[in-house]
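[1] sharing a model that was predicted from the sequence below.
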Amino acid sequence: MVEAIGGHATELPPLNQRLIQDLLDRARGARVLQAFRGRPPVNHEALESVLLRVSEMVCELPWIAEMDINPLLADERGVSAVDARIIVKRVPPATKAYAHMAIHPYPSSLERTAILEGGERVQIRPIRPEDATIGREFVSRLSDESKYMRFMQALHEITLEMLSRLSRSTTTASLR
């Protein structure tokens, strides 16, 4: 049905829940995923799970050169891949993990627990796209001077999309 509508949305892997939701919202055929004329909405959790698993495959298996899942059927019961084609290529041993990707997955190896002077335990970790809402609140409380120094421009408000993009390392999944 999305092919009949003629639209698509694109996002680079690695995907996460927030990026998938944004991707689905931007897709021209997003309306067909909602309840429509007595039809129940598509099972978003199942669709999100499939997109997350495909993203993980692309991230972890650098020999996947191309993947086509068509059609991918989604309804209120779940998601089914009717046909899939995967083209693999020879890949020399990579010098670095994820060298085949423009954006690397979340660096969970950088997460640390620290103990403050008062004994309070805090988690220190890189920001994630899901942190956009609390990041927006943080930026809204900054002075105009602090916003300018941080973003090198006069900024009254930062959008959730801007924060989501700022929290990514720099890679695309396509929904057609």
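    Good, I have the coordinates. All figures in this text were calculated on a predicted structure; none of them were measured in a lab.

[2] can you map out the strands along this protein?
    Secondary structure of the chain (DSSP state E): strands at 9-11, 64-69, 72-75, 78-81, 84-88, 112-115, 121-124, 173-175.

[3] what's the closest of those to N43?
    Of all the strands of the chain, strand 78-81 sits nearest to N43, with 5.3 Å by Cβ to Cβ. Backbone N, C-alpha and C define where each C-beta goes, glycine included.

[4] and that closest one, which residues are buried?
    V79 (16 or more other Cβ atoms under 10 Å).

[5] for that strand, enumerate the helices and strands it packs against.
    helix 44-60, strand 72-75 (3 or more Cβ pairs under 8 Å, 6 or more residues apart in numbering; DSSP states H and E).

[6] report the separation between the nearest residue to K89 once chain neighbours are set aside and M162.
    Nearest residue to K89, sequence neighbours excluded (Cβ to Cβ, 6 or more residues apart in numbering): A65, at 4.2 Å. Counting by Cβ to Cβ, to the nearest Å, the gap from A65 to M162 is 33 Å.
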